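S.K.: Provided below for reference: sequence and predicted model.
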Amino acid sequence: MIVIDATNAILGRLASFAAKQALLGNEIAIVNAEKAIIVGNEKNIVGNYMERRQRGGSSQKGPNFPTLPEMIMKRTIRGMINYKSGRGQVAFKRIKCFRGMPDEFKDSNKIVSKKKKLKKFTRLENLSMHLRGKAQ
């Protein structure tokens, strides 16, 4: 099992790595999902996600977009896998995202992203707070 620490990791880069590893047959566990970052102006990022949520469908039929940080990350990874094929669905089931650090992964070796100095970014926990309209 590959354990990835999402602290200060860029969401798209982390998601593409996790998707590729899942397609290769590895089990993936992503911890601290709420600390992953999306690069860009926070106002634009929140606006794009809000627009996507309000774009279509009813609340009963969907499409239903996630608001929790770990589910936003999982949905991003799903977009990088051919989810509608059998191979993609099997690969998607190999991926687990967690908020915080579960006890079972505290002692395991983790893949940590390199630190970069970024000026404009937002964390998934802040995005989630804006989408839900309240603090967790």
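M.R.: Alright, I've got the coordinates. Just so it is clear, the model here is predicted, and its values are computed rather than measured. Numbers count the residues shown, from 1 in each chain.

S.K.: Can you name the residues that contact the residue positioned nearest the centre of the chain?
M.R.: Closest residue to the average C-alpha location of the chain: M73 at 1.2 Å, with Cα atoms, centre = their mean. M73 is in contact with A6, L11, L14, A15, I30, A33, A36, C97, L124, counting by Cβ atoms under 8 Å, 6 or more residues apart in numbering. Where C-beta positions appear, they are placed from N, C-alpha and C, glycine not excepted.

S.K.: Show me the strands in the protein, by range?
M.R.: 2-5, 28-31, 37-39, 95-97, 110-112, 121-123 (DSSP state E).

S.K.: could you say what helices and strands the lowest-mean-pLDDT helix or strand in the chain packs with?
M.R.: Least confident helix or strand of the chain, by mean pLDDT, DSSP states H and E, is strand 110-112 with a mean of 83. Helices and strands touching strand 110-112, by 3 or more Cβ pairs under 8 Å, 6 or more residues apart in numbering; DSSP states H and E, are strand 2-5.

S.K.: which neighbours does the strand it packs on have in its sheet, and in what orientation?
M.R.: Here strand 2-5 is paired, per DSSP bridges, with strand 28-31 (parallel), strand 110-112 (parallel).

S.K.: and M101, which of those strands is closest to it?
M.R.: M101 lies closest, by Cβ to Cβ, to one member of the strands paired with strand 2-5: strand 28-31, at 5.1 Å.

S.K.: Convert that closest one to PDB, retaining C-alpha atoms only.
M.R.: C-alpha atoms of strand 28-31 as PDB (Å, rounded to 0.1, in the frame of the first residue of the first chain):
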ATOM      1  CA  ILE A  28      -3.500   4.100  -2.400                       C
ATOM      2  CA  ALA A  29      -4.200   5.800   0.900                       C
ATOM      3  CA  ILE A  30      -4.200   9.600   0.900                       C
ATOM      4  CA  VAL A  31      -4.000  11.200   4.400                       C
END
